[in-house]
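> quick one, what's the 3D model for this:
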Amino acid sequence: MLRLAPPGWLRFSQASQFNVIYGGGESNVAVSLANYGIPTEFVTRLPENDIGECALMEMRKRGVGTQHIVRGGERLGIYFLETGAVARGSKVVYDRAHSAMSSIEKGMIDWEKVFADAEWFHWTGITPAISQGAADACLEAIQVANRMGVTVSTDLNYRKKLWKYGKSPAEVMPDLVAGCDVILGNEEDAEKHFDIHPEGVDVTQGHSVEAESYLSVCQQLMKRFPRAKKVIVTLRGSISASHNSWSGVLYNGDELLKTRTYQITHIVDRVGGGDSFMGGLICGLLKYQDDQKALDFAVAASCLKHTIYGDANLSTVAEVEKLMQGDASGRVSR
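Model prediction:
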């Protein structure tokens, strides 16, 4: 997907130019994992034109495999971003109609070939929100992955502005999430998709988010989707557009694991925060084989992403582990 944003903190109406970034939910996770040294393939559909080629080159530049990307369709999907500051929130305008990905259909991708040597498959709730064809292709991928013994994870990623093709999330998402081993969401996702929510939590008020409030959410999700072995909730306290608290919890069916809360007081770019969390979580689970360490790694990785401009997290394993160990000094490395 193509991101177009006015420089700095300019409003759309002030812009005479737009910065170009290539990214998107699943691609951001792929870049994170490739950056951690994990062999990664990104599967999507790109138009057979120069802009599609630019998106392809961006993935290759970041070390992400592209051999399973299919070509076709009219155009690359776009979103416009106006970056907020202090009390003014960011704004996103989507332009995804008739894009290559929105016109994808079941059967266009050979998922058995894709998963032949795969260990993990990740998808986000953004994909089935785009079109019925994208939802069908996503379900097809999940079913093949389940049959072939590939671990499946999802970031629920509710996007109200994208569900425009006549289906509601409640009609589409349950069948998809039923095939997932790992479920990630935030305070809004479970409520909007499945009418599951914590009691007494209003994230618009900027309060610190209490981890224990989400135990019932995790338990309800795991009860509804019994295949899930882990349910993770990201906890963002939005004091302002420039200052967020950031943490997370992981429920593995036996205990609710918590991690430290970071105060991110000068956010550079919060877009892709959840994707960087997911990339860190997958890396942590594969690297440590320990839920607590994986959660700690995911939160630290995502904290660092907030300091990096663009959609993707470009932090290294060493940088994330340094922050995990408590070094948040930001001193110059000479």
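
> show me the strands in the stretch 1-150 of the chain, by range?
2-5, 19-22, 45-46, 70-71, 78-82, 91-95, 120-124 (DSSP state E, counting those that start in this stretch).

> could you dump those to CSV with distance to residue 277, mean pLDDT and mean neighbour count?
For the C-beta atoms, the positions are set from N, CA and C on the backbone; glycine is no exception. Listed next are the strands of the stretch 1-150 of the chain as CSV, based on distance: least, Cβ to Cβ, whole Å; pLDDT from 0 to 100; neighbours: other Cβ atoms under 10 Å:
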stretch, distance to residue 277, mean pLDDT, mean neighbour count
strand 2-5, 19, 98, 20
strand 19-22, 19, 97, 17
strand 45-46, 26, 98, 24
strand 70-71, 28, 97, 14
strand 78-82, 19, 97, 19
strand 91-95, 19, 96, 14
strand 120-124, 12, 98, 23
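
> how about those in a markdown table, adding distance to residue 52?
Shown next, in a markdown table, are the strands of the stretch 1-150 of the chain (distance: least, Cβ to Cβ, whole Å):
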| stretch | distance to residue 52 |
| --- | --- |
| strand 2-5 | 10 |
| strand 19-22 | 10 |
| strand 45-46 | 4 |
| strand 70-71 | 7 |
| strand 78-82 | 12 |
| strand 91-95 | 15 |
| strand 120-124 | 20 |
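
> am I right that residue 257 sits in a strand?
Yes - assessed by DSSP: H, G, I helix; E, B strand; the rest coil, residue 257 belongs to a strand.

> list the buried residues in stretch 66-76.
Residues of stretch 66-76 classed as buried by neighbour count (16 or more other Cβ atoms under 10 Å): 66, 68-69, 73, 75-76.

> identify the residues contacting the nearest residue to residue 216 once chain neighbours are set aside.
In space, and not counting its chain neighbours, residue 216 is closest to residue 198: 6.5 Å by Cβ to Cβ, 6 or more residues apart in numbering. Taking Cβ atoms under 8 Å, 6 or more residues apart in numbering as the contact definition, residue 198 lies against 187, 213-214, 216-217.

> so for residue 261, which of the strands of the stretch 1-150 of the chain sits nearest?
Residue 261 lies closest to strand 120-124 among these, at 24.5 Å (Cβ to Cβ).

> ok and the helix or strand harbouring residue 282 relative to strand 120-124, angle-wise?
In the assignment (DSSP states H and E), residue 282 maps to helix 273-288. Counting by axes from the mean of the first three to the mean of the last three Cα atoms, to 10 degrees, helix 273-288 lies at 170 degrees to strand 120-124.

> for helix 273-288, packing partners?
Contacts defined by 3 or more Cβ pairs under 8 Å, 6 or more residues apart in numbering; DSSP states H and E place helix 273-288 against helix 25-35, strand 120-124, strand 151-155, strand 182-185, strand 230-238, helix 291-305, helix 317-324.

> at 10 Å instead, please
helix 25-35, strand 120-124, strand 151-155, strand 182-185, strand 230-238, strand 244-251, helix 291-305, helix 317-324 (3 or more Cβ pairs under 10 Å, 6 or more residues apart in numbering; DSSP states H and E).

> distance check, residue 77 against residue 3.
Applying Cβ to Cβ, to the nearest Å, one obtains 10 Å for the distance of residue 77 from residue 3.

> where does the prediction get shaky in the stretch 201-334 of the chain?
201-209, 332-334 (pLDDT under 70).

> so what's residue 298 up against?
By Cβ atoms under 10 Å, 6 or more residues apart in numbering, the contact list for residue 298 reads 184, 232, 234, 248, 250, 259, 276-285, 320, 324.

> filter those down to the buried ones.
184, 232, 234, 248, 250, 259, 276-285, 320, 324.

> what about stretch 143-152, how long is it end to end?
10 Å (Cα to Cα, to the nearest Å).

> list the residues that contact the closest residue to residue 178 other than its chain neighbours.
Leaving out its chain neighbours, the residue that sits closest to residue 178 by Cβ to Cβ, 6+ apart is residue 225, at 5.6 Å. The neighbours of residue 225, taking Cβ under 10 Å, 6+ apart as the test, are 154, 174, 176-181, 183, 194, 231.

> buried subset of those residues as a PyMOL selection?
PyMOL command restricting these to the buried ones, with burial defined by 16+ other Cβ under 10 Å:
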select buried, resi 154+176+177+179+180+181+183+194+231
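
> farthest-apart pair in the contacts of residue 225, please.
181 and 194 (17.4 Å).

> hmm, back to that, relative to residue 9, which of the buried residues of stretch 66-76 is nearest.
residue 76 (25.7 Å).

> distance check, that closest one against residue 125.
Applying Cβ to Cβ, one obtains 20 Å for the distance of residue 76 from residue 125.

> with residue 48 instead?
Relative to residue 125, and taking Cβ to Cβ, residue 48 is found at 28 Å.

> same question for residue 185.
9 Å.

> shared neighbours of those two, which are they?
154-158, 177, 192-193.

> could you look up the SS state of the nearest residue to residue 304 once chain neighbours are set aside?
Nearest non-adjacent residue to residue 304, counting by Cβ to Cβ, 6+ apart: residue 315, 4.3 Å away. What three-state DSSP gives for residue 315 is coil.
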